[in-house]
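# quick one: sequence plus predicted model below, questions after.
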Amino acid sequence: MTALLEVKGLKVQVEDNEILHGLDLTVNQGEVHAIMGPNGSGKSTLSHVIAGKPGYDVTAGEILFKGEDLLEMAPDERAAKGVFLAFQYPVEIPGVTTMNFLRTALNAQRKARGESEFLVPDFLKKVREVAGSLNIPMDMLKRGVNVGFSGGEKKRNEVLQMALFQPSLCILDEMDSGLDIDALRVAADGVNALRSKERAMVVITHYQRLLNYIVPDFVHVMSKGRVVKSGGKELALELEKSGYAQFEDKAA
Amino acid sequence: MPAVQETVDRVRQIDVDQYRYGFETVIESEKAPKGLSEDIVRFISAKKNEPEWMLEWRLEAYRRWLTMEEPTWARVDYPKIDYQDLYYYSAPKKKELASLDEVDPEILKTYEKLGIPLREQEMLAGVVRRDADGNVMPERRVAVDAVFDSVSVATTFQAELKAAGVIFMPISDAIREHPDLVKKYLGTVVPTSDNYFATLNSAVFSDGSFVYVPPGVKCPMELSTYFRINERNTGQFERTLIIADKGAYVSYLEGCTAPQRDENQLHAAVVELVTHDDAEIKYSTVQNWYPGNSEGKGGIYNFVTKRGDCRGKNSKISWTQVETGSAITWKYPSCILRGDNSRGEFYSIAISNGYQQVDSGTKMIHLGKNTTSRIISKGIAAGVSQNTYRGLVTAHKKATNARNFTACDSLLIGDKCGAHTVPYIEAKNSSTLFEHEATTSKISEDMLFYCVQRGLSQEEAVALVVNGFVKDVLQQLPMEFAVEAQKLISISLEGSVG
């Protein structure tokens, strides 16, 4: 069986500065992988490169998604193929209602896949259903995208999009940053509801805390641009006790 | 990132001159000889069968124009215009039309291509339209006056408007049919001596619309004029005069396009609005003249004087403009707040891309007591364009409790364009309250990346962000017009990222 996501020997530079030094990662359908590591270990870079953010130079290696060369695709093509990145800091788009944004994005993806666009009544029904399950009031969707949203609202909005777009790969970049424990629980419940045999998740986090709520199948420790250790969920607990220092030395 | 680079290259290949209305209508026309002289002014006046007083009015303006200098204070740069190298009158051959069936089919086709309904029954087709948030928009009927080069070729719904007492006709007809009204108001808001371009217009204006809404009448439908410059080397000098008598209301829309040509074309219009006590005029423009090609060749020079006079108490004039076209835009729709408690509004979206230069804004002249005004200006600059907001807010000594709120926001796309804000504020009495806010922002990489990660293409992402930026102004437009404007904004900014 082809892996959903295969990262092989990935080297990435930002302005002549190498951030990832040959990274390997394989994620199969239905799996939840956690990527942990200290600040500056390259976790966010990895998520950005997979999603296609400009400003990164891939100097070696490849990324295959469902067996296809992901690096050859524009970021919007990747989205239409099922790559979703939940942002650490979702941006605000003043004047564009969340509802309009959701519909525009969903229809853009559907169009790219050759599917018919959602009609407004069908779309509204779907949004209402998903928003309800995430405790998102419809009023919030009439506001500008993320404008004036609290940290928790922003993250719930990310999960809402995930639930609407039904991507096959979800990358959650530091989803716990800026959230109190209650907000974290709501967002994590939303994510857990999306776990399925067809969908894989890559959960990027600095702290073990998030993994109490989203329990991973695999844990990878990144340091200085490489995966330095992989294991089961118990690895996260071990890290919580002993910290990242041991790996810092090893990677150097 | 090869994939991203490819996208950027693809985007770059799309140049700014994706102008969709650039086709030319091949039609026989009747022109005045090239150049400008007293004889040409007489020629135009004679063509229109004008009464003697009108000819005198024009000649006086012409003589004054000869003594004036072209203004240079605007932040626009263009080669000197040779006023003797232009045609001042061009009309499609064939005239005296009894019905629309007699209009040259080529002209009808032109308006069809532009999406302007000239046949009344076609406007009634019940298509459900929705806005961006999916709300159903109401069906709307619009009466249209279509001006082709120098003459009006058709005006729809005249009978129904007449029944309501509303006069809506080409100004050249109004001069003959309603001379008293025209004499009473023409040139009272923008005097013939006002400025170089307005004076030129007064001498050679060819056609435009005349609207009179009698006391207490709410105009039963929106009125609209559609201007089209077709002929080569021809200036269009439209003159529009709208009067809302006591307690009257009218909403008026104006649209403009021109064929794609290598040489520049001149458009110098004058629009005068008058509101009496408790009356309101809402004037909306979507200006989409040909902006020139990606190298800055061609395009319309748009030198326009638009001014409204809130003559009566409690009256209101509201200007809304979406400016996407023209190589040069020089335009300041203004309000004279003469009547006590009168209100002026200016909502503007000015987009410049490629080599376009925009110098636009408004003047709010507070003369009466308790007068209020509001200015919302959104300038968007892309390519190597220059976009200037120039505004004047002033309160006279007697204008006690005058209030103004101004917000000027500029959005830059790319790093080769410029946005400038030049506000003048003058308060001559101590009870005025003027507020001014200004912001300049750039569309950030992060914003665009967020959108493309959700499946929008680069261009869709820019259009979405920009439409959000201009939302406050779009909301002021009649709904159907707003949807058109939204599409136009996307088209104008195609190829601006990368």
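Nice, I can see it.
# in this structure residue A:39 contacts residue A:205, no?
No: Residue A:39 is beyond contact range of residue A:205, at 11.9 Å (criterion: Cβ atoms under 8 Å). Glycine gets a C-beta too; all of them are placed from N, C-alpha and C.
# quick one, which of these two is more surrounded?
residue A:205 (22 against 8; other Cβ atoms under 10 Å in any protein chain shown).
# bridging residues for the more buried one?
residue A:36 (DSSP bridges).
# if I look at it, how far off is residue A:19?
Residue A:205 sits 18 Å away from residue A:19, going by Cβ to Cβ, to the nearest Å.
# give me the pLDDT value at residue B:265.
Here the pLDDT value assigned to residue B:265 is 76.
# give me the element the closest residue to it other than its chain neighbours is part of.
Counting by Cβ to Cβ, 6 or more residues apart in numbering or on different chains, residue B:300 is the residue found nearest to residue B:265 once chain neighbours are left out, at 5.1 Å. When elements are defined using DSSP states H and E, residue B:300 is found to belong to strand B:299-310.
# give me the mean pLDDT for that strand.
What strand B:299-310 shows for mean pLDDT is 91.
# A helix includes residue B:168, no?
No: under DSSP: H, G, I helix; E, B strand; the rest coil, residue B:168 falls outside any helix and is assigned strand.
# for it, what are its contacts?
Shown in contact with residue B:168 (Cβ atoms under 8 Å, 6 or more residues apart in numbering or on different chains): B:143, B:145, B:155, B:157-158, B:161, B:209-211, B:223.
# surely residue B:347 touches residue B:362?
No: look at residue B:347 against residue B:362 with Cβ under 8 Å: they stay out of range, at 9.5 Å.
# which neighbours do these two have in common?
Common neighbours of residue B:347 and residue B:362 (Cβ under 8 Å, 6+ apart) are B:319, B:377.
# quick one: which of these two has more around it?
Per other Cβ under 10 Å, whichever of residue B:347 and residue B:362 has more neighbours is residue B:362, with 27 against 24.
# any idea what that one is bridged to?
Beta-bridge pairing for residue B:362 (DSSP bridges): residue B:391.
# mind pulling up the pLDDT for it?
96.
# hmm, residue B:318 and it touching each other?
No: Residue B:362 lies out of contact with residue B:318 (Cβ under 8 Å); the separation is 11.2 Å.
# which SSE is residue B:143 in?
In this assignment (DSSP H and E), residue B:143 forms part of strand B:142-148.
# try residue A:95
In the assignment (DSSP H and E), residue A:95 maps to strand A:93-97.
# now that strand - C-alpha only, PDB.
What follows is strand A:93-97, C-alpha atoms only, in PDB (Å, rounded to 0.1, in the frame of the first residue of the first chain):
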ATOM      1  CA  ILE A  93      -9.000  39.000   6.900                       C
ATOM      2  CA  PRO A  94     -11.000  42.100   7.600                       C
ATOM      3  CA  GLY A  95     -14.200  42.700   5.700                       C
ATOM      4  CA  VAL A  96     -14.500  39.100   4.500                       C
ATOM      5  CA  THR A  97     -17.200  37.200   6.400                       C
END
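# got the angle for the helix or strand following that strand vs strand A:93-97?
Next in sequence after strand A:93-97, counting helices and strands by DSSP H and E, comes helix A:98-112. With axes from the mean of the first three to the mean of the last three Cα atoms, to 10 degrees applied, the angle from helix A:98-112 to strand A:93-97 works out at 80 degrees.
# buried stuff in helix A:98-112?
By 16 or more other Cβ atoms under 10 Å in any protein chain shown, the buried positions in helix A:98-112 come out as A:98-110, A:112.
# tell me the secondary structure at residue B:364.
Classified using three-state DSSP, residue B:364 is strand.
# quick one on the thing from earlier: which residues do residue B:362 and residue B:318 both contact?
Common neighbours of residue B:362 and residue B:318 (Cβ under 8 Å, 6+ apart) are residue B:346.
# ok, residues contacting stretch B:74-82?
Contacts of stretch B:74-82 (Cβ under 8 Å, 6+ apart): B:70, B:264, B:266, B:301, B:327-330, B:357-359, B:386, B:388, B:390, B:420, B:422.
# near chain A, which of these show up?
Checked against chain A using Cβ under 8 Å from any Cβ of the partner chain, the contacts of stretch B:74-82 yield no neighbours at all.
# now, which of these sits nearest chain A?
Nearest to chain A, judged by Cβ to the nearest Cβ, of those is residue B:358 at 20.9 Å.
# residue B:353 touches residue B:382, doesn't it?
Yes: shown here, residue B:353 and residue B:382 form a contact pair, counting by Cβ under 8 Å, at 4.4 Å.
# beta partners of residue 144?
Reading this off chain A. Using DSSP bridges, the bridge partners assigned to residue A:144 are residue A:97.
# actually it's chain B I care about, not the one you picked
Residues in beta-bridge contact with residue B:144 (DSSP bridges): residue B:224.
# what separates it from residue B:223, distance-wise?
Residue B:144 is 8 Å from residue B:223, by Cβ to Cβ.
# over to residue A:178?
Noted for residue A:178: a distance of 53 Å to residue B:223, by Cβ to Cβ.
# residue A:14: how many residues sit nearby?
Applying other Cβ under 10 Å, I find that residue A:14 has 13 neighbouring residues.
# ok, it to chain B distance?
Applying Cβ to the nearest Cβ, to the nearest Å, the value for residue A:14 to chain B is 11 Å.
# so who does that residue touch?
By Cβ under 8 Å, 6+ apart, the residues touching residue A:14 are A:45, A:55-57.
# try it again with 7 Å
A:55-56 (Cβ atoms under 7 Å, 6 or more residues apart in numbering or on different chains).
# which non-adjacent residue is nearest residue A:29?
Leaving aside its sequence neighbours, residue A:29 is closest to residue A:4 (5.1 Å, by Cβ to Cβ, 6+ apart).
# tell me the pLDDT of the one you found.
pLDDT at residue A:4 comes out at 95.
# can you list the residues of chain A near chain B?
Within chain A, the positions near chain B by Cβ under 7 Å from any Cβ of the partner chain are A:51-54, A:56-58, A:71-76, A:79-80, A:85, A:87, A:90-91, A:93-97, A:99-100, A:103-105, A:108-109, A:112, A:120, A:124, A:144, A:161.
# most centrally placed residue in chain B?
Geometric centre of chain B, nearest residue: residue B:285, 4.3 Å, by Cα atoms, centre = their mean.
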